[in-house]
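Student: Just a sequence and a predicted model for now, questions to come.
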Amino acid sequence: MFSDVFERNLTVGKIEETRDIYKSKYCRVSHEIDPKWHLKIQAQWQKWVDGGISKTINMPNYATFRDVRDAYLNAWYEGVKGVTVYRDMSKSEQVLYRKPSCEGDTCYL
């Protein structure tokens, strides 16, 4: 997914080398970012753009109705014009899949 150049740049200076980019404390995937921060960043761009900026917030499969509602209300409050919420595993097929992490006999997505 990332080029060798990107991996080499991560190892220069004081940043420790991490072969598995998802274990790095410097790189986060969308599922690891709170929806409020997705919206705060989008709102900063939105105030300089007349049209809508589209953003998908990826929520975990345990997200509740209240979580989704709060995301849309926060988007409105922040002045965001275009937002979509996708709840993980809400369809039989999807574009992105998370790697399961296992602790003993229990695995989490």
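Tutor: Sure, I can see it. Numbering: from 1, shown residues only.
Student: measure stretch 70-90 end to end?
Tutor: End-to-end distance for stretch 70-90, by CA to CA, to the nearest Å: 18 Å.
Student: In this protein, where's the longest helix?
Tutor: Scanning the chain for the helix with the most residues, using DSSP state H, yields helix 65-78.
Student: check contacts around the residue nearest to Asn58 when sequence neighbours are not counted.
Tutor: Nearest residue to Asn58, sequence neighbours excluded (CB to CB, 6 or more residues apart in numbering): Ser30, at 4.6 Å. The way it works is simple: take the backbone N, C-alpha and C, and place the C-beta from them, glycine included. By CB atoms under 8 Å, 6 or more residues apart in numbering, the residues touching Ser30 are 38, 57-58.
Student: ok so, going back, in the longest helix of the chain, what's buried?
Tutor: Using 16 or more other CB atoms under 10 Å as the test for burial, helix 65-78 gives 68, 71-72, 74-75, 78.
Student: Quick one: those residues as a markdown table, columns for pLDDT and distance to Val49 too.
Tutor: Output for these, formatted as a markdown table (pLDDT from 0 to 100; distance: CB to CB, whole Å):
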| residue | pLDDT | distance to Val49 |
| --- | --- | --- |
| Val68 | 93 | 25 |
| Ala71 | 93 | 20 |
| Tyr72 | 94 | 20 |
| Asn74 | 93 | 19 |
| Ala75 | 92 | 15 |
| Glu78 | 90 | 14 |
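Student: between those, which is closest to Trp48?
Tutor: Closest approach to Trp48 among the buried residues of helix 65-78 (CB to CB): Glu78, at 13.9 Å.
Student: The closest one reaches Lys40, doesn't it?
Tutor: Yes - taking contacts as CB atoms under 8 Å, Glu78 lies within contact range of Lys40: 6.6 Å.
Student: the strands in this structure, which residues?
Tutor: Under the criterion DSSP state E, the chain contains strands at 54-59, 82-87, 101-103, 106-108.
Student: Could you check the angle the first one makes with helix 65-78?
Tutor: The one in question is strand 54-59. Calculated by axes from the mean of the first three to the mean of the last three CA atoms, to 10 degrees, strand 54-59 forms an angle of 150 degrees with helix 65-78.
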